[in-house]
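Visitor: I'll drop the sequence and a predicted model, then ask my questions.
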Amino acid sequence: MIEGEMTIENPHVLIVEDEAPIREGLTALFESQGFVVTAVGDGLAAVEVAAGGGFDAVLLDIMLPGMDGLSVLRHLRSRSDSVAVLLLTAKGAEDDVVRGLEAGADDYVTKPFGIHELVARVRGLLRRARVTTLKESRRQIVVDAADASSAVIDLDVLAVRLGDHELRLTAREASLLAFLAERRHRAVPRDELLVEVWGYRDGSIQTRTVDVHIQQLRAKLKSVGGESWVGTIRGRGYRFVGTEDVG
Ligand code: CA
């Protein structure tokens, strides 16, 4: 087994989709790819089944009768279930995407989706889950903040501390910020972030995931005066700039 290529054997995926033909199609697809699949058709069933644990990933449709996908997601995260979650969203439902990522989703795919991309995304989630677990156990990164004080990005507790302020981050936000902060001498392209932070094998997949997460991260960092820490370097990606001016 090659390091960085660790795979979970027969990963267990929970598929939550109310439309039977899609649910059955997804079940057949993932089973054909070596996954163990549990499929349910509504949100309450998803919450009950997920409570039993043992899942490596959840494919979660947002539009569900009764308890919708975002409520399911919030429920999972409220009990500290960190299972990788990929949302299935309707075309044009950008608000759902933003709310979903805020609620702790790891990624999303817009319907109608290509099956190869979907499987690739789920595999990416599984690799990412491992990467996050490995990285989170050891790191604190000190960054110089405005007014010459220092901020600490603490990956153990997923927070940024600046003076008396403590800002809680999601695992993804902490990994993203840390990755950029450790490479503050250069701009990091989106495709590199997708591979290194998200665990995608192919970073050229078209996705707004990185941009949406960066926007959210900036909005959060504002509360500790760090809204300009992550600069956009046009045509090149993102760079951790601390208090420098962005050219
Ligand atoms: Ca649906």
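Guide: Everything's here; your move.
Visitor: So which residues on this structure come close to the ion?
Guide: 18, 61, 63 (Cβ under 5 Å from the ion). (Each C-beta comes from the backbone N, C-alpha and C, glycine too.)
Visitor: Please name the strands paired to the worst-scoring helix or strand of the chain on mean pLDDT in the sheet, noting orientation.
Guide: When the helices and strands of the chain are scored by mean pLDDT, DSSP states H and E, strand 140-144 comes last with a mean of 70. Note on strand 140-144: by DSSP bridges, its sheet partners are strand 150-154 (antiparallel).
Visitor: For the helix or strand just after the partner strand, enumerate the helices and strands it packs against.
Guide: Next along the chain after strand 150-154, taking DSSP states H and E as the criterion, comes strand 159-162. Here strand 159-162 touches strand 150-154, strand 165-168, going by 3 or more Cβ pairs under 8 Å, 6 or more residues apart in numbering; DSSP states H and E.
Visitor: Neighbouring strands of the last one in the sheet, and parallel or not?
Guide: Just to be clear, that refers to strand 165-168. strand 159-162 (antiparallel).
Visitor: got a list of contacts for the strand it pairs with?
Guide: 145, 149-154, 166-169, 174, 177, 221, 224-226 (Cβ atoms under 8 Å, 6 or more residues apart in numbering).
Visitor: Now the buried members of these.
Guide: For those, a neighbour count by 16 or more other Cβ atoms under 10 Å gives the buried set as 145, 151, 153-154, 167, 169, 174, 177, 221, 224-226.
Visitor: circling back: save the helices and strands packed on strand 159-162 as JSON lines, and put in mean pLDDT and distance to residue 44 too.
Guide: Below are these laid out as JSON lines (pLDDT from 0 to 100; distance: least, Cβ to Cβ, whole Å):
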{"stretch": "strand 150-154", "mean pLDDT": "77", "distance to residue 44": "36"}
{"stretch": "strand 165-168", "mean pLDDT": "84", "distance to residue 44": "28"}
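Visitor: Just send these back as a markdown table, with distance to residue 141 too.
Guide: Below are the helices and strands packed on strand 159-162 laid out as a markdown table (distance: least, Cβ to Cβ, whole Å):
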| stretch | distance to residue 141 |
| --- | --- |
| strand 150-154 | 4 |
| strand 165-168 | 14 |
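Visitor: Only alpha carbons, please: show stretch 24-35 as CSV.
Guide: Extracted C-alpha coordinates of stretch 24-35, given in CSV (Å, rounded to 0.1, in the frame of the first residue of the first chain):
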residue,chain,number,x,y,z
GLU,A,24,-31.8,2.1,-7.2
GLY,A,25,-29.5,3.4,-9.9
LEU,A,26,-27.1,4.8,-7.4
THR,A,27,-27.2,1.6,-5.3
ALA,A,28,-26.3,-0.5,-8.3
LEU,A,29,-23.6,1.9,-9.4
PHE,A,30,-21.8,2.0,-6.0
GLU,A,31,-22.2,-1.7,-5.5
SER,A,32,-20.6,-2.3,-8.9
GLN,A,33,-17.7,-0.2,-7.7
GLY,A,34,-17.1,-2.3,-4.6
PHE,A,35,-19.0,-0.3,-2.1
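Visitor: and residue 97, backbone torsions?
Guide: phi -60, psi -50 (degrees, to the nearest 10).
Visitor: Show me which of the buried ones among the contacts of strand 159-162 is closest to residue 237.
Guide: Nearest to residue 237 out of these is residue 177 (Cβ to Cβ; 14.5 Å).
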